[in-house]
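[1] Structure for this input, please:
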Amino acid sequence: MSSGWSPYLSSSSSDPEHNDRYLARELDSLERAVRENGPLERRELGRIVACRFWGPGRFRSALRAAVQRGRLVRTRRGTYGPPPA
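    Here you go, the predicted model:
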């Protein structure tokens, strides 16, 4: 089986700078969504930011990075919100 073109960004891209730009946009999208809508369940947050177009595993990675960097907080199981002011 040969590899072919995919419309999705590969999470294993060999260009870290390229991946960093996408991650920065994803983090901005996540942060904006919870600031505008308040705490959101994971599924609803994904729908709002259109994560299905990000590529495999990118939403999960972006959520994890957003929480680690303090841009989102987990308010309860499966729900994310803005950090306290």
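
[2] What ranges in the protein fall below the confidence cut-off?
    1-14 (pLDDT under 70).

[3] hmm, 80 instead?
    1-15, 18, 85 (pLDDT under 80).

[4] And the helices in it?
    In the chain, the segments counted as helices under DSSP state H are 16-37, 42-49, 58-68.

[5] Let me know which of these is the nearest to Thr79.
    Thr79 lies closest to helix 42-49 among the helices of the chain, at 7.2 Å (C-beta to C-beta). Glycine gets a C-beta too; all of them are placed from N, C-alpha and C.

[6] before we move on, back to that, including mean neighbour count and distance to Ala85, could the helices of the chain go into a markdown table?
    Converted to a markdown table, the helices of the chain look like this (neighbours: other C-beta atoms under 10 Å; distance: least, C-beta to C-beta, whole Å):
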| stretch | mean neighbour count | distance to Ala85 |
| --- | --- | --- |
| helix 16-37 | 15 | 11 |
| helix 42-49 | 17 | 20 |
| helix 58-68 | 17 | 17 |
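
[7] which one of those helices lies closest to Pro82?
    Comparing the helices of the chain by C-beta to C-beta, helix 16-37 comes nearest, at 4.8 Å.

[8] Quickly note the distance from Leu30 to Asp15.
    Distance, Leu30 to Asp15, by C-beta to C-beta, to the nearest Å: 22 Å.

[9] Make sure Leu30 is actually in contact with Gly46.
    No - applying C-beta atoms under 8 Å, one finds Leu30 not in contact with Gly46, separated by 9.4 Å.
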